[in-house]
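Novice: 3D, please:
(chains A and B)
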Amino acid sequence: MSVAPRLELIDVSKRFPGVLANDRVSLSVKPGEIHALLGENGAGKSTLVKMIYGIQAPDSGSVLWEGQEVRIPHPRAARRLGIGMVFQHFSLFEAMDVLENIALGLDGAVSRKQLDAEIRLVMEKYGLKLDPRRQISTLSVGERQRIEIVRALLLNPRLLIMDEPTSVLTPQEVDDLFKTLRRLASEGCSILYISHKLHEIVELCERATILRGGKVVATCDPRKETARSMGEMMIGSDLRDPARGQLSVEGPVRLSVRELSLPKPDDFGVALEQISFQVKGGEIFGIAGVAGNGQNELLEALCGEHLADLHTTIEVDGSPVGRSGPSGRRKLGLCSVPEERNGHAAIGAFSLSDNAILTARSRMGFENQGFIHKAGADEFAANVIKTFAVKTLGPDALAGSLSGGNLQKYVMGREIMQSPGVLVVSQPTWGVDAGSAAFIHQALIDLAAQGSAIVVISQDLDELLRLCDRLSVINLGKLSTPRPVGDVSVQELGLLMGGSHATPANSAGGIHAA
Amino acid sequence: MRLRLEKRLEPSRAMLVLTPVLSVIAIMLLGIIIFDGLGYDGPQAVWELFFTPVLDVYKWRDVASKAAPLIIIALGLSLGNQAKIWNIGAEGQYILGAIGAAGVAFVTQSMTGFWIIPLMILVGMVLGAIYAAVPAVLRTRYGVSEVLSSLMFVYVSLQLLSYLITGPWKDPDGHNFPQTAQLTDAQLLPHELWDSGIPPGLLVALIGAVIFYIIVSRTVFGFSVRAIGEAPHAARYGGFSSNGIVWATLMISGAMAGLAGVLELMQLTRLNLGYPSGYGFTAIIVSLLGRSHPVGVFIAGIVLAITYVGGQVAQTFVHVPNATAGLFQALLLFAILASDLLVRYRIRISTTSPSTKGAHS
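Specialist: Numbering: from 1, shown residues only, chains lettered A, B, ... in the order given. Sure, this is the predicted structure:
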């Protein structure tokens, strides 16, 4: 090894009040290497990356850039060194065009014309397709991610950090992304790739550093490992596959949706068009699709935040609920978990116990003639915390103080433990570590086994294929005809998902719902 | 070098309680500096303003009768504050409450009966609530900010008041003064309760504080108000209607302001042009200083009442201008808003130039 590593961390530690987020972490990334950073939620990946990108400063340890010890006090310094980062959550202004958004993220002032030329050059070089003049609100998630990548590439980075880049992409988009990343790496750019999706790491990366509890527990060559073996290193115990029992799809129809249409809720929303499907007791029904194709609108229409035109459009166990709000539907057994945990599924500034009151008050009897039965809510919250192994101080802890994965477990537990007859969940395991995801999957399967009808809206095809009995794809607010999971291929689903808003006609399979 | 505000993970509970107290202390010190600078005896002025009303037993009744309307109005406003629905027009609803009661009094001038007083209170509260419902309609139907519309309706109410007392309701025996006839005995509550010096309004304020405490902390409605204020989207998911909460909080605060208006009318015994006293505006400060908590509101109402009474004392003894009380109230509002910001955010001094504010940082 004559060449100095592009980036080397030696014994880097970072302590937050009460947590040692990184405990003497060492890591080295060679030039042109695609290096995976693996770990459960709370393992310290984000903190480590933030220190590399200059958002946080390490308490101790040293950072070496191409053999030289450096201090990175802020992101601009990181960018000056040649470190680029693509975040999991994009920071884009909906009402502006691509060019304006990229210009906003640059450190210096560049003329619009010059920038336009530079962008086109970079995109051509790496095979990224994107019109710089398009408004963000018209773009798919995959296209939005491309903006972030272009933004990072404009700086000619020698290290590109990708934080969970594929969680929102279709299989085809993932393939395109991997091509771009491989191309970059072949030109000598190092890539630090953070992901939960182990098979992607097996496919893409040459080396992996695995974090657990803030420490490096292993470094391996993913090409010589399996997704399973790395998963086990990551959680430090055997991974359990969700045990899907005998399918009992013979139950009665518990949720029926007939020709549900809703106008767009706002300028950036998606209208729902003629959505029809039925879910039987014991069945798990999956809805795949690229983010922003009406998933949120559909969830809100099902849970009662937006009402249907006709009462009979939506029926729970034969009772019409189309014109009932969320409380009325919950009473009849329709519970839901929206995608956004903080601010939608839960109130960050409220305690876990108060968050139990938010949705479980009538089913679990915490309300009596308008008064709240606080002790009951405390007990229920404690029960959820225990059953779903939520890491927290107790029912009085603020929901906002929980990590994303823990809050997700709490929210899922809160709905599941109300024994709903119909449960609609969106992105049940987004941003949740492998161990918790398996736990949540098992809980959903168990609930179905008890005779509940479950609808899972997810962008994670693997999750849907593993979990569901039947699948549909939502694209531009329309739902494709449901198909049994065994009958569809990933490629077919990918085509149905359309890839981007620009090419919805790709769904050549022609199995859109009438 | 530039300053940046950064949200704190969790605001300190101790500071949430302490900052109102610190704000009061801060403005006392500020007051000394200001009055000294203006050539008055600063320490003396602040002493008369804040301490004489407390130490002088004869001022207590004054303080109590000014605190009562402030607390009653602020209790209503604090409910809206928690839902982040800002009723700035309590002064107008307060005036409408008095107009409602005066209307009943006008009709029942020659009658007697135990029902007259409850009817005056009821009509005053209903009128206050209806008046506050106008901004609610505008907000829920047309998306008009209740901050602007409720404020503008204050000026409408002032015109209505002046029309009534110079026109149809003018006291025929009033030597042409713009005022209504004196309320009759059947229309008046006792000036003080059980000769204790406690005005009836203060008892109402106390009962009100207890009721509001129960509403906020024990009822589903109170829960929904807090939920809407913290996370409207989550509240909707929880089954609470945000429009419903806009209506409810505005109308409840309107009814409370109306109630304060009726009680104040009974203290003053008639409506005249001097009736609008600004209690509806000062109550906004009371609700914020009291952290929208019933106990806090009760204490804050007394503090603000002290500045009213103390302002008059300081005028007499230190010859500070009439605007003194208003000045201190305004300072207090600034101090509480500023400290609020600092409880929720911390100031970061960054040494980098503005251009580093990349989209990611």
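
Novice: Closest approach to chain B from the stretch 101-250 of chain A, which residue is it?
Specialist: A:Gly105 (3.8 Å; C-beta to the nearest C-beta). Yep, even glycine has a C-beta here, placed from its N, CA and C like the rest.

Novice: per-residue pLDDT, that residue?
Specialist: Per-residue pLDDT puts A:Gly105 at 73.

Novice: Likewise for A:Gly509?
Specialist: pLDDT, A:Gly509: 37.

Novice: Give me the nearest residue to B:Leu138, chain neighbours excluded.
Specialist: The shortest distance from B:Leu138 to any non-neighbouring residue, by C-beta to C-beta, 6 or more residues apart in numbering or on different chains, is to B:Val144 (3.9 Å).

Novice: Number of residues surrounding that neighbour?
Specialist: When neighbours are counted by other C-beta atoms under 10 Å in any protein chain shown, B:Val144 registers 15.

Novice: okay, which residue is most central for chain B?
Specialist: B:Ala283 (1.4 Å; C-alpha atoms, centre = their mean).

Novice: List the contacts of the residue in chain B positioned nearest to chain A.
Specialist: Of all residues in chain B, the one sitting closest to chain A is B:Gly239 (3.3 Å; C-beta to the nearest C-beta). Taking C-beta atoms under 8 Å, 6 or more residues apart in numbering or on different chains as the contact definition, B:Gly239 lies against A:Gly304, A:Gly325, A:Pro326, A:Ser327, A:Gly328, A:Arg330, A:Thr359.

Novice: Over to the residue nearest to the centre of chain B: give its phi and psi.
Specialist: phi -60, psi -30 (degrees, to the nearest 10).

Novice: So B:Pro321 is in contact with B:Gln315, correct?
Specialist: Yes. Using C-beta atoms under 8 Å, B:Pro321 makes contact with B:Gln315 at a distance of 7.4 Å.

Novice: Could you identify the buried members of the contacts of B:Gly239?
Specialist: A:Gly304, A:Gly325, A:Pro326, A:Ser327, A:Gly328, A:Arg330, A:Thr359 (16 or more other C-beta atoms under 10 Å in any protein chain shown).

Novice: Export these to TSV and append columns for pLDDT.
Specialist: Below are those laid out as TSV (pLDDT from 0 to 100):
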residue	pLDDT
A:Gly304	90
A:Gly325	90
A:Pro326	91
A:Ser327	90
A:Gly328	90
A:Arg330	91
A:Thr359	91
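
Novice: roughly how far is stretch A:112-119 from the heart of the chain?
Specialist: 32 Å (C-alpha atoms, centre = their mean, to the nearest Å).

Novice: Could you give the average pLDDT over it?
Specialist: 85.

Novice: Same question for stretch A:406-417.
Specialist: For stretch A:406-417, mean pLDDT rounds to 91.

Novice: what do you get for stretch B:227-247?
Specialist: Mean predicted lDDT for stretch B:227-247 stands at 91.

Novice: the more surrounded of B:Pro321 and B:Gln315?
Specialist: B:Gln315 (18 against 13).

Novice: Apart from its neighbours in sequence, what residue is nearest that one?
Specialist: Closest to B:Gln315 by C-beta to C-beta, 6+ apart is B:Asn322, at 6.2 Å.

Novice: can you check B:Gln179 too?
Specialist: B:Asn272 (3.8 Å).

Novice: The one you found reaches B:Thr166, doesn't it?
Specialist: No. With contact defined as C-beta under 8 Å, B:Asn272 does not count as touching B:Thr166 (10.1 Å).

Novice: Overlap of the contact sets of the two?
Specialist: Looking at what touches both B:Asn272 and B:Thr166 (by C-beta under 8 Å, 6+ apart), the common residues are B:Pro178.

Novice: can you pull out the strands in chain B?
Specialist: For chain B, the strands defined by DSSP state E cover B:2-7, B:345-350.

Novice: angle of the last one against strand B:2-7?
Specialist: Interaxial angle, strand B:345-350 versus strand B:2-7 (axes from the mean of the first three to the mean of the last three C-alpha atoms, to 10 degrees): 150 degrees.

Novice: helices or strands up against strand B:345-350?
Specialist: strand B:2-7 (3 or more C-beta pairs under 8 Å, 6 or more residues apart in numbering or on different chains; DSSP states H and E).

Novice: Does stretch A:95-103 reach chain B?
Specialist: Yes. Residues of stretch A:95-103 are located near chain B by C-beta under 8 Å from any C-beta of the partner chain, namely A:Asn101.

Novice: Might you report the residue contacts of A:Lys264?
Specialist: With the criterion set at C-beta under 8 Å, 6+ apart, A:Lys264 makes contact with A:Val270, A:Ala271, A:Glu297.

Novice: Go again with 7 Å.
Specialist: By C-beta atoms under 7 Å, 6 or more residues apart in numbering or on different chains, the contact list for A:Lys264 reads A:Val270, A:Ala271.

Novice: where does it land on pLDDT?
Specialist: pLDDT at A:Lys264 comes out at 83.

Novice: for stretch A:381-396, how far is the first residue from the last?
Specialist: Terminal residues of stretch A:381-396 lie 9 Å apart, using C-alpha to C-alpha, to the nearest Å.

Novice: A:Ser186 versus A:Glu200, what's the distance?
Specialist: 18 Å (C-beta to C-beta, to the nearest Å).

Novice: who's more crowded, these two?
Specialist: Neighbours per residue, other C-beta under 10 Å: of A:Glu200 and A:Ser186, the larger number sits with A:Glu200, 19 against 9.

Novice: Checking A:Pro265 next. Helix, strand or coil?
Specialist: coil (DSSP: H, G, I helix; E, B strand; the rest coil).

Novice: Quick check: it touching A:Glu297?
Specialist: Yes. Between A:Pro265 and A:Glu297 there is a contact under C-beta atoms under 7 Å: 6.5 Å.

Novice: Quick one: low-confidence residue ranges for chain B.
Specialist: Residue ranges of chain B with pLDDT under 70: B:1, B:9-11, B:350-361.

Novice: Could you pull out the helices in it for me?
Specialist: B:13-37, B:42-50, B:52-55, B:60-82, B:90-107, B:116-142, B:146-166, B:200-218, B:220-230, B:232-237, B:242-268, B:279-289, B:294-318, B:324-344 (DSSP state H).

Novice: on that earlier part again, now the residue of chain B closest to chain A, nearest residue through space, not along the chain?
Specialist: A:Ser327 is the one closest to B:Gly239 (C-beta to C-beta, 6+ apart), at 3.3 Å.

Novice: where's that neighbour relative to A:Leu447, distance?
Specialist: Taken as C-beta to C-beta, the span from A:Ser327 to A:Leu447 is 21 Å.

Novice: just B:Arg348 next, same as before
Specialist: 46 Å.

Novice: between the two, which one's more packed in?
Specialist: Using other C-beta under 10 Å as the criterion, B:Arg348 and A:Leu447 rank with A:Leu447 on top: 21 against 10.

Novice: so what's the residue nearest to A:Lys197 when sequence neighbours are not counted up against?
Specialist: Nearest residue to A:Lys197 in three dimensions, chain neighbours excluded: A:Thr166, at 6.2 Å (C-beta to C-beta, 6+ apart). A:Thr166 makes contact with A:Val174, A:Leu177, A:Ser195, A:Lys197, A:Glu200, according to C-beta under 7 Å, 6+ apart.

Novice: Many thanks, have a good one.
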